[in-house]
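Asker: Here is my input, please return the structure:
(chains A, B, C, D and E, ligands or ions: 5)
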Amino acid sequence: MATFMGINLFGLFGQLLVGLINGSFYALLSLGLAIIFGLLKIINFAQGAIYMLGAFAAYLALQYFGIGYWAALIVVPLVVGLLGVLMERFLIRPIANEDHLYSLLLTFGVALVLQGMFTHMFGSSGLSYAIPDALKGGNKLPFMYLPNYRAWIIVASLIVCVGTWWMIEKTKLGAYLRAGTENPALMQAFGINVPLMVTLTFGFGVALAGFAGVMAAPVYSVSPDMGSNILIVVFAIVVIGGMGSIGGAIITGLGMGIVEGLTKYFYPEASNTVIFLVMVIVLLIKPAGLFGKEA
Amino acid sequence: MSTTRPEKIRINDLHAFYGESHILHGIDMSVGQGELVTLLGRNGAGRSTTLKAIMSMVGRRTGSIVINGTETINMPAHKIAHLGMGFCPEERGIFSSLNVEENLMLPPAVRSDGVSVEEIYEMFPNLAERRYSQGTRLSGGEQQMLALARILRTGANILLLDEITEGLAPVIVQKLAEVLMQLKERGLTILLVEQNFRFAAPIADRHYVMEHGHIVEEVHAHELEAKTELLNTYLGV
Amino acid sequence: MSADYVLETQNLIKEFKGFTAVDDVSLKIQRGNIHALIGPNGAGKTTVFNLLTKFLTPTSGTILFNGNDITSMQSAAIARKGVVRSFQISAVFPHLSVLENVRVALQRKEGNSFHFWKSDKILDKLDDRAVELLESVGLGDFADAKTVDLSYGRKRALEIATTLALEPELMLLDEPTQGMGHEDVDVVANLIKRVSKDRTILMVEHNLHVVSKLADQITVLQRGAILTEGNYETVSADPRVQEAYLGVAADEVHA
Amino acid sequence: DLSDDKVKIGVLADMGGVYADVCGKGCLTAVEMAVEDFGGSVLGKKIEIVSADDQNKPDVGSAIVREWIESKEVDVVTGLVASSVTGAVTKVTTDNKKIALIAASASNAFTTKACSPYNAHWTYNVVALANGTVKPIVQQGKKKWFFITADYAFGHALEGIASKVIKAEGGEVVGAVRAPLGTTDFSSYILQAQASGAEVVGLANAGADFVNSLKTAAEFGLTEMMDVAGLLVFTPNAKSLDPAIAGGMLTTTGFYWDRDEESREWSARFKERQGVIPAMPHAGAYSATMHYLNAVKAAGTDDSDTVMKLMKSTKPDDFFAKNATLRSDGRMVHDMYLVRITKGSERKSEDDIFKIESVIPGDKAFAPVLPACDFK
Amino acid sequence: MKISKFNIVLLGLALVAPFVFYPVLLMKVLCFALFACAFNLLLGFVGLLSFGHAVFLGTGGYVTGYLMMNTGLTPELGILAGTVASGLLGAIYGKLSVKREGIYFAMVTLALAQLMFFVFLQAPFTGGEDGLQGIPRGYLLGLIDLSDNLNMYYFVLAIFLFGFWLINRTVHSPFGQILKAIRDNEPRATSLGYNVNDYKWAAFVISAALAGLAGSTKTLVFQLASLTDVHWHMSGEVVLMTLLGGMGTIFGPVVGAAVVVGIQNFLSGGELGNYVHIIMGLIFIVCVLAFRSGIVGEIQKVVKRNFS
Ligand SMILES: Nc1ncnc2c1ncn2[C@@H]1O[C@H](COP(=O)(O)OP(=O)(O)OP(=O)(O)O)[C@@H](O)[C@H]1O
Ligand SMILES: Nc1ncnc2c1ncn2[C@@H]1O[C@H](COP(=O)(O)OP(=O)(O)OP(=O)(O)O)[C@@H](O)[C@H]1O
Ligand SMILES: NC(N)=O
Ligand SMILES: [Mg+2]
Ligand SMILES: [Mg+2]
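Answerer: Ligands and ions are numbered 1, 2, ... in the order given. Predicted structure coming up:
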């Protein structure tokens, strides 16, 4: 086995790659959070529950409608996004003018309800979802066996993340979004249908979590608390990246996955805490986060 | 009402509310094409509220507001701009998440014949120099320039301008007076809220005086002389 | 250092990403003066204020207050030394009563601001002084009013009363009459004149009427640097000032 | 005579969490069946049942049991799944001299370092699992082991005892990783197992953790490279796995529904009420309740000391408890079973999940009584 | 605090309550009420939403529990130690978090609390998932046997009253006056020479210490310290209690705690257990959408409207 200064390089590369895979989920989820935060200045605490919902939707689509993985990858985000649209329209908009803390609490409530409902209906021991046939098997890399599906996770999430980033940072639509956040009334006066834009963007941010949920279903067991466990980590990632920074969310998401992978290799006991430790350090040095602008 | 020009804005019995508080109590006024009309009054008289009510930026409004022949009182806010309206708010509304140039390019064009970016940069060299700076990093006066420039670009031909000389150096204020005269000559319709009466007096065709959410006086440019006393009592000049 | 100058800056520079907003400014503010800082938009006036009160950190240069270097002090510490600023937007505590607004300022010197185990009744002894200050700005009758309900001009007056409670040696006023109706402009101008008696005032102001009426000394900034200094007559006669700031019709505006 | 003129049984279980399939509503059903089979009353007084969800949280569970005993007249507590909850609850029951019939917990602490004269640990424990599953594999010659362990008391205990068994049989533990309870992504642990050079990877976990770790092992090709042994596999968990992944794996259980006529009969009744076949804790909960009620009847009182004495001196014997005794330390010793998870091709029905390979006699499965826990 | 008739009646009720209700349940309500009051000091009076406040509850509990089990400290000293420990942790966490505002502050406190959660999960002295079990209640001042529920109840009541008094005093103190000003207009407070972060920090420490007091006391009551008390769900629960009762009101958190504990207790038996999260979630949603002033806040509004 290849070693370097006493380090098992194969083991290390393997952990880095696994870290990158986890980072792909972090990136997708923190991207959705960052978009919603950037647009509405609210923390969507339900993002984790919606990720869970996405996974369950994929499972249910297969069980009850015979909708397979590939179709689910399109259909589920649409359905979940529609749910986000309804949520924005009927729950969040009524309190849009209140302190943003209220929307945090509201979405917290939504998360509890969703998680509770699914626990009630499906129990919390977890359901299985098969890896699609086209992605079964894997490749023997020099340092590890890489299942095809895991490779697909990296590719698909990178495509989605970069595409989203480009849309928000580099297009006129993105400029409308950013400006609409700051002063919606004025944007309306300029002739932009801000409420519609807000609703659709919220739906999009939520749909990203739904997408991540579908991606996760074949590899993580589909269970009601799959969202709440990952959510807090994703919050820390968003804080590290700089709240509302789209690029920051993506890069930090992937980066933290890798950091976690490294920790699992060198000091596994700390792998749960390392992201929070990084967060503390970043806050001390750069309070607005790595890519955030000082408020 | 003596104007013979086509009416661009006609307001009848406009009431406006912020939540529970009733701010405008039945405003009647009109502005004709190519006219420059000011709203005068003390702090809190309701002048800014009148402009915001026209743009549907208040809590609730009743009455009638006809713009270019279209009744807008029940129109969604985002459709009003497309009637050719340009609004420059008193708090300027520069977006901090956009740089100067993005701010400038932001409002969608509502008509095709707006002032070109080159002309704007010529008019306000400060903006050209700071074009890649974050919008809200501009000095107070520069932000004021940007807010005005931004709507000139859209080609709006009915301008609602709120305290645009606020915080500007005298030399710029003079320049603005010239700009407004030019716009008027191009046929633009301007409704101006001003504290700076010395700025407004020479360029305006008419003045409305507001107090406590009512229009209490209408003064034509040629009557200024005669009504100075009256204006003094209203405005405390 | 001459004790005549309350505040001095030496070669103050502030750069923002390659853009020099304040360029080698050496100001001397004479004790007891009303000193006005004027200049075109974007000249760097607000930035100078922000540097003096440490809302921004200078890129280089020194700031001396009563001859002591305060360049590296924190905002709150500078305020405690006696340099107090007003903001362009009205700075009051809207949900405290008018009297409480002033009391918050008076309380600082009591040294009990961290005493969470004592009753706030011990603050009642500050009421007399607070009322006195309110009366000095013409707000005597409004002591118990809620601050949100005050008119713009009165909020401004309250802000000044609060500032006075700190007994500042140096008050920094950024466009104190901005957005005010003519009536209020005069009220505030008179107020500034009145409170300037025992202290020094540095103000930014575009209203030349106010500047000419109040300022003992004027510094004109342009593109971050000092263009000229002097009293109103000298400065306004300077052709460079006329061109860059006042415009051709300066006299007319002044009238 | 009976305290408060009735016998009241509290069923504390995980009604909605990760162990809900193992001992949740099913445990309540099993206890209800026992009470009904017993006739619904004892010594002429009604037998009542209360139940609650402990959410797998020791604080929740112990607070409920405290209230049950101090203000709701509960005489005996059963269910008891997560070992952490059971630990906290048995402190309360012992303080209040009430009997705890532990139907589902794995930890062996309740009859060793945390033993109590009021504990009856019924269905199985980690010692039986390790002895049952690990010993035969090592004896087959697979001597190098790596553990993926649930990072809490249960996993630690299971790993510890399994390691002792391995060493005693001349094997070697080459490494172990601790994965937090409820880990969703086991890939990095699987990579470590792969890199360890072991022959067998022991999964010292349970429930969803077991399912997820095994699935990931299959995905990363680990099951091709080395043997995987599930140290605690409940039927519902085995059932949820693709037989292509789990088929052929050896594990140890205290009960399997398809063992004999008697067990099939009871299991059919259970399935009728609960919709699923019983897992071992369900059978254990029934058996324990039945034995308790019999003892109350025989003693003519629900006084805990008297009842416990009788429970220990009479042998439990029912469809679950074979060759059984409740030892002085509170350990219920009975036959355990080494089973193999069936391959897809072998399955005759969806419930055909295990095949019994051999019966492990109780005295081989469980450790002897520690002197400190011999209360008599 | 004025000794009004209202307060005397309340105190009287509190004294006889254990003869009517199950004392342990009452103690639970008092502990959570104190926790919620401490939390409300930050949220209601400084405007800071600490979304990880459970960490202080839990730290107090673990420290007290560990010491009571291993050193034979008397209960009052054990509780004092837990309170101090939470205060110290609050001092560190406060330093890290008060620089940020609004939602940022909420996120930072949440993440910091999660850090501690994993520490408590993995540290050797906390018992992991098991928690610390069988903690002795001990003898108050070495004399009074607290294993008696009534004795324990009056001890807990005294602690609660002390905490409640201290919070009220803090709100109505010279310090509280500055907090109010900071909440109203932070830049202005700075310009008057107040280091606003120092004041926020001090309030944070007081709140953390009192949350620790609540946690320490709760640990003694239940003779158990567990991860539940440091989990983010607990942080969410205290927000719910405060919001439901009425944030920024004096009695709101107490009422909120009583209602939430009552609901949980009611639901914990049997079938309904499943619905706890759903119902809590729905209460959150309804409160936010329709009753932002909470129970006490809404009552105050009605009283104001009709009687003044
Ligand atoms: N968003 C709002 N909510 C409630 N009341 C408002 C709001 N905006 C303005 N008002 C109130 O409406 C009245 C009219 O305000 P408006 O801004 O129209 O005055 P104005 O004539 O433009 O004066 P100013 O010189 O202060 O700009 C004032 O009493 C003001 O307090
Ligand atoms: N934070 C900043 N980052 C970048 N540039 C800045 C920043 N603050 C100010 N500037 C630039 O520095 C220059 C000076 O700004 P400043 O606000 O001091 O002007 P001012 O003299 O107060 O003008 P006004 O009279 O318009 O208020 C301006 O060109 C402005 O764009
Ligand atoms: N059954 C368990 N994990 O104790
Ligand atoms: Mg206005
Ligand atoms: Mg300025």
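
Asker: Only C-alpha atoms from now on, for both contacts and neighbour counts.
Answerer: Will do.

Asker: can I assume D:D317 is in contact with D:L326?
Answerer: No: using C-alpha atoms under 8 Å, D:D317 makes no contact with D:L326, being 10.7 Å away.

Asker: Just checking, which helix or strand of chain A averages the lowest pLDDT?
Answerer: Using mean pLDDT, DSSP states H and E, the weakest-scoring helix or strand in chain A turns out to be strand A:3-4, at a mean of 58.

Asker: ok, D:D317 and D:L326, which is more surrounded?
Answerer: Neighbours per residue (other C-alpha atoms under 10 Å in any protein chain shown) separate D:D317 from D:L326, with D:L326 holding more: 23 against 15.

Asker: Show the pLDDT at that one.
Answerer: The per-residue pLDDT reported for D:L326 equals 95.

Asker: One more: E:T126?
Answerer: 88.

Asker: I figured it hits E:Y62, correct?
Answerer: Yes: using C-alpha under 8 Å, E:T126 makes contact with E:Y62 at a distance of 6.9 Å.

Asker: okay, those two: which has more neighbours?
Answerer: Just comparing E:T126 and E:Y62: by other C-alpha under 10 Å the higher neighbour count belongs to E:Y62, 30 against 21.

Asker: hey, C-alpha coordinates of the strand or helix carrying D:T252 in PDB?
Answerer: Using DSSP states H and E, D:T252 sits in strand D:250-253. C-alpha atoms of strand D:250-253 as PDB (Å, rounded to 0.1, in the frame of the first residue of the first chain):
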ATOM      1  CA  LEU D 250     -25.200 -15.400  10.300                       C
ATOM      2  CA  THR D 251     -26.600 -13.800  13.400                       C
ATOM      3  CA  THR D 252     -28.100 -14.700  16.700                       C
ATOM      4  CA  THR D 253     -31.600 -14.200  18.000                       C
END
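
Asker: That strand pairs with which strands?
Answerer: strand D:336-341 (antiparallel) (DSSP bridges).

Asker: With just CA atoms, put the strand it pairs with into CSV.
Answerer: Provided in CSV are the C-alpha atoms of strand D:336-341 (Å, rounded to 0.1, in the frame of the first residue of the first chain):
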residue,chain,number,x,y,z
MET,D,336,-30.9,-18.8,21.8
TYR,D,337,-30.7,-19.5,18.1
LEU,D,338,-28.0,-19.1,15.5
VAL,D,339,-29.7,-18.2,12.3
ARG,D,340,-28.8,-17.4,8.8
ILE,D,341,-30.5,-14.7,6.7
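
Asker: following it, which helix or strand comes up?
Answerer: Criterion used, DSSP H and E; the element after strand D:336-341 is strand D:354-360.

Asker: Look up the pLDDT of residue 25 for me, please.
Answerer: Defaulting to chain A. The model reports A:F25 with a pLDDT of 94.

Asker: Chain C, not that one
Answerer: pLDDT, C:V25: 93.

Asker: Likewise for the one 5 residues further on?
Answerer: Note on C:Q30: pLDDT of 92.

Asker: wait, what's in contact with it?
Answerer: C:D4, C:Y5, C:V6, C:L7, C:T200 (C-alpha atoms under 8 Å, 6 or more residues apart in numbering or on different chains).

Asker: rerun that using 7 Å as the cut-off
Answerer: When contacts are counted by C-alpha atoms under 7 Å, 6 or more residues apart in numbering or on different chains, C:Q30 touches C:D4, C:Y5, C:V6.

Asker: now do D:A283
Answerer: Contacts of D:A283 by C-alpha under 7 Å, 6+ apart are D:A30, D:F320.

Asker: phi, psi of it?
Answerer: Taking degrees, to the nearest 10, you get phi -60, psi -40 for the backbone angles of D:A283.

Asker: Could you measure from the closest residue to D:A63 other than its chain neighbours over to E:A85?
Answerer: Counting by C-alpha to C-alpha, 6 or more residues apart in numbering or on different chains, E:F222 is the residue found nearest to D:A63 once chain neighbours are left out, at 6.8 Å. Using C-alpha to C-alpha, to the nearest Å, E:F222 is found at 20 Å from E:A85.

Asker: before we move on, what about D:V228?
Answerer: The gap separating D:V228 from E:A85 is 45 Å, by C-alpha to C-alpha.
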